[in-house]
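J.: With the input below, show me the fold.
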Amino acid sequence: MTRVVPTQGIHNFRDFGGYTSQFGGRIATGQLFRSGQHKDATAEDLEQVHRLGLAYIVDLRSDSERALYPCARHADHRAETLFTSGNTLGLQSHIDAGTGVRTAQEAHQAMVELYRHMPLRPVLQETLRRYFARLSEDSGPSLVHCLAGKDRTGLAVALVQHQLGVHLDDIRADYMLTNSTGDAAARIAAGAEAVRANFGADMEDGAVRTLMSVHPDYLDAAFATMGSIDGYCRTQLGLSSALRDKMCAALIVS
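T.: Alright, predicted model coming up:
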């Protein structure tokens, strides 16, 4: 299947369905989408997004990010936006992981620490709780995004896929597609400008690339914090067995 939704001004836009479920069948395609923010979307991008027929958009960004990067929308946009007011990371964005970082090794460790704390953020948990509830209602195609569409979004997607029975190897492989989807060089260049503006022009190129990319160690750090992924989704995100069964019924096809 073709996962990538071709866009110019929206980074990392793709379908994260289509994988085999350990519960039988496959995850539906054309129902589950992910991306970065839409502030720089072109008119052609907005037409492309509109054709997906989205019923709702899950915005994982903090209030400050929504104010700084308001999403462009199609003139006939009708999709509901789900978000929780507040700060979803305890930081202004993933870019703030760059504080004190100069080398790629330091950047890698900073991202591991970022992910280690990410599952504990109450505002992020609340938005994920609302996301899971809507997925269990079979309410139509959805899109989840944050700022760059790689960290908060990557975690959200991994949790959804896990609860739909996708094998961890496939979850990690899908997560890593962020590093190669679309114009990765443009995405990194855009992040580099902001990172260097905030933390100094002397940051090594390798450190910038590390901050703007993903690595299996990051996702594993978040999973380690959860202990049991199923237990986390049940106790922190309110995904009961009954809601999980409904979500699977809505999104797993033969």
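J.: Okay, strands next: where are they in this protein?
T.: In the chain, the strands defined using DSSP state E lie at 14-15, 26-27, 32-35, 56-59, 80-82, 142-145, 252-253.
J.: could you say what helices and strands the third one packs with?
T.: What it means is strand 32-35. strand 14-15, strand 142-145, helix 152-163 (3 or more Cβ pairs under 8 Å, 6 or more residues apart in numbering; DSSP states H and E). Yep, even glycine has a C-beta here, placed from its N, CA and C like the rest.
J.: Using TSV, lay out the strands of the chain together with distance to residue 45, mean neighbour count and mean pLDDT.
T.: Converted to TSV, those look like this (distance: least, Cβ to Cβ, whole Å; neighbours: other Cβ atoms under 10 Å; pLDDT from 0 to 100):
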stretch	distance to residue 45	mean neighbour count	mean pLDDT
strand 14-15	14	20	98
strand 26-27	25	20	98
strand 32-35	10	24	98
strand 56-59	14	22	98
strand 80-82	17	14	97
strand 142-145	13	24	98
strand 252-253	28	16	98
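J.: can you list those in CSV and add distance to residue 8?
T.: Listed next are the strands of the chain as CSV, based on distance: least, Cβ to Cβ, whole Å:
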stretch, distance to residue 8
strand 14-15, 15
strand 26-27, 27
strand 32-35, 12
strand 56-59, 19
strand 80-82, 22
strand 142-145, 16
strand 252-253, 31
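J.: Ok, which of those strands comes nearest residue 226?
T.: Between residue 226 and those, the tightest spacing by Cβ to Cβ is seen for strand 142-145, at 18.3 Å.
J.: Counting by contacts, list what the closest one packs against.
T.: So strand 142-145, by 3+ Cβ pairs under 8 Å, 6+ apart, packs with strand 32-35, strand 56-59, helix 122-135, helix 152-163.
J.: May I see the buried residues of the longest one?
T.: When neighbours are counted by 16 or more other Cβ atoms under 10 Å, the buried residues of helix 122-135 are found to be 123-128, 130-135.
J.: Taking helix 152-163 as reference, get the angle to it.
T.: 50 degrees (axes from the mean of the first three to the mean of the last three Cα atoms, to 10 degrees).
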